[in-house]
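Enquirer: How does the following fold in three dimensions:
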Amino acid sequence: MMLIIVRQPAQPGQPEACLLIQVMDHAYCDARSSEVLWGMVMDHYLASLHGDTVKQAQLLSLAKKLSTPGSDAIYRMGSKHALLPLPWHRHVRNVWQLVRHKQADGGGYAIPFERIRTQLPAYCQSRREPIMRWVDLRSCIAQCRQQHAALTPNSVVTALVAQAVRQVNLHHKKLPHAKADRISFRMLADILSPRQRKQYLGNYIAYVPLTLDASLPLAELALQVEARVSQCRQQRIDLSQFRFLETAIARRWVGKVDDPVSYAITSVSNHRLNKAPHTLPGTRFVEMLGAVNAQPRDEMGGLMNNKPVICTVLSPGQQLFLTFYPMIGPDDDNRRIADYVALLSRQDIG
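Expert: Numbering: from 1, shown residues only. Just a heads-up that it's a prediction; the model follows:
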């Protein structure tokens with residue numbers, strides 16, 4: 001991990017801006033783990049301001065105790081020593097539900113495997129810059145909450161992206177409504193609890209499938225997203241998906257048949273600073289940006305990233321930063337999705 005501090009000269013009448021940059025390798029650290037590490041760094045700094053050497057020592061001890069259990073230690077069917085309990089019959093039922101989940105890449109967003117194989121060497125030698133959009137979601141979220149008060153911002157964002165993909169299907173891919181409206185994608189699920197996150201450092205996420213009728217009103221779509229999230233947590237479908245993918249990678253099943261979804265959506269955040277922007281004395285947390293540079297280490301890595309992967313970041317004031325994993329191929333679909341997210345967020349949702 002690298003931590004970089006960049007100080008920007010203050011503009012007349014404006015406070016000095018400071019960028020705190022955290023660079024992580026996704027091979028051993030997901031977004032949730034990076035948030036935990038950043039929290040430890042902040043707490044160590046705060047303890048130093050108060051001369052609390054005991055607290056500093058405790059934090060260093062906790063950091064040294066962080067471990068990265070393998071997937072078999074996290075969950076293995078029939079094991080009594082797994083960190084996450086799940087009866088074998090529930091796991092079998094979950095996998096059956098995952099396999100039978102009706103999904104389709106109706107808009108043809110996936111890059112064909114053969115093109116990946118052909119273009120991967122040139123991609124690895126090319127310079128890449130992320131597609132970035134800033135979107136004000138205050139009005140959009142407020143309108144949704146007028147219909148369903150408990151909706152989370154992440155559910156609204158996930159539904160908004162599905163509607164944006166539908167617009168691309170209709171206006172650029174010229175699909176009929178029957179095909180354009182049905183959107184299949186994978187969304188990120190954290191398989192660990194907040195307490196476990198403070199113990200284990202690694203990639204402990206699953207991308208569970210979801211299919212929506214994106215012609216529905218935004219608030220209704222967001223409600224369906226929340227229902228799916230709740231189902232995955234209660235039935236531990238997220239854990240079964242994690243185990244299923246780990247097994248597929250280990251047995252090199254990946255790359256044989258394409259995953260029939262149009263895209264995947266993930267999120268990065270710093271919940272602590274969003275809730276308490278003045279955590280660091282003399283400063284105010286303004287926004288968080290997050291971007292990923294995909295550099296596949298082999299052909300399998302390239303085949304696993306053959307469709308849009310959308311990364312969302314929410315900052316104080318319900319400000320959305322939207323970016324995408326680099327594509328091995330043209331970025332036209334990504335740019336269109338980003339543009340429609342911005343456009344739809346400004347419209348009356350009805």
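Enquirer: Distance check, the residue most central in space within the chain against Leu192.
Expert: Closest to where the C-alpha atoms of the chain average out (C-alpha atoms, centre = their mean) is Thr266, at 1.6 Å. If you measure Thr266 against Leu192 using C-beta to C-beta, to the nearest Å, the figure is 15 Å. Placement of C-beta: from N, CA and C, glycine included.
Enquirer: For Ile205, which residues are in contact?
Expert: Ile205 sits next to Asp30, Ala31, Arg32, Leu188, Ala189, Asp190, Ile191, Phe242, Thr266 when contact means C-beta atoms under 8 Å, 6 or more residues apart in numbering.
Enquirer: Next: Gly302.
Expert: Neighbours of Gly302 in contact, by C-beta under 8 Å, 6+ apart: Ile116, Arg117, Leu120, Tyr123, Pro296, Ile328.
Enquirer: Go again with 10 Å.
Expert: 111, 113, 116-117, 119-121, 123-124, 255, 294-296, 328 (C-beta atoms under 10 Å, 6 or more residues apart in numbering).
Enquirer: Show me just the buried residues among the residues you listed.
Expert: Ile111, Phe113, Ile116, Gln119, Leu120, Tyr123, Gly255, Ala294, Pro296, Ile328 (16 or more other C-beta atoms under 10 Å).
Enquirer: In a markdown table: these, plus pLDDT and distance to Ser184.
Expert: Output for the buried ones among the contacts of Gly302, formatted as a markdown table (pLDDT from 0 to 100; distance: C-beta to C-beta, whole Å):
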| residue | pLDDT | distance to Ser184 |
| --- | --- | --- |
| Ile111 | 89 | 16 |
| Phe113 | 89 | 18 |
| Ile116 | 90 | 20 |
| Gln119 | 90 | 25 |
| Leu120 | 91 | 25 |
| Tyr123 | 90 | 25 |
| Gly255 | 72 | 20 |
| Ala294 | 81 | 22 |
| Pro296 | 83 | 23 |
| Ile328 | 88 | 21 |
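Enquirer: From the residues you listed, which land in helices?
Expert: Within those, membership in helices is found for Phe113, Ile116, Gln119, Leu120, Tyr123, as judged by DSSP state H.
Enquirer: do you know how far Gln224 is from Pro112?
Expert: Gln224 is 30 Å from Pro112, by C-beta to C-beta.
Enquirer: Specify which residue of these two has the higher count of neighbours.
Expert: Taking neighbours as other C-beta atoms under 10 Å, Gln224 and Pro112 compare with Gln224 leading, 18 against 12.
Enquirer: circling back: return the per-residue confidence for the residue nearest to the centre of the chain.
Expert: The score at Thr266 is 93. That number is its pLDDT.
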